[in-house]
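1. Structure for this input, please:
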Amino acid sequence: MFEVEGYVELSSEARAKLKGAMTAVETRLEDLDALADVLQEEVQESALSAASMMRTVRRSGSLLGMARRAFKRRRSSRRES
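-> As a prediction, the model looks like this:
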């Protein structure tokens, strides 16, 4: 009879440890999920900022190009006059 009680006690201890381990794993997974959410938001914000900067650089380059061409036209028309 003592042997059966020993198995019952061992089983109870194992189940308690397993429950604790499962709780720890669930907590870590929740933390990991929260971290993944934060990282995703940061990547999205960075991508939007980069796209916005590229658009600004392209527009600035386009404006500078138009200004340069207008300046060249103006300069060449003055030389011809």
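2. how near is residue 63 to residue 26?
-> According to CB to CB, to the nearest Å, residue 63 stands 56 Å off from residue 26. (Each C-beta comes from the backbone N, C-alpha and C, glycine too.)
3. What of residue 71?
-> 67 Å.
4. where does residue 39 land in three-state SS?
-> helix (DSSP: H, G, I helix; E, B strand; the rest coil).
5. neighbours of it, just the number please.
-> 10 (other CB atoms under 10 Å).
6. Next one, pLDDT for it please.
-> pLDDT, residue 39: 97.
7. With residue 80 instead?
-> For residue 80, the model assigns a pLDDT of 65.
8. Over to residue 13?
-> At residue 13, the pLDDT value in this model is 96.
9. same deal with the one 5 residues further on?
-> With respect to pLDDT, residue 18 scores 97.
10. Quick one: neighbours of it, just the number.
-> Residue 18 has 10 nearby residues by other CB under 10 Å.
11. residue contacts, it?
-> Neighbouring residues of residue 18 by CB atoms under 8 Å, 6 or more residues apart in numbering: there are none.
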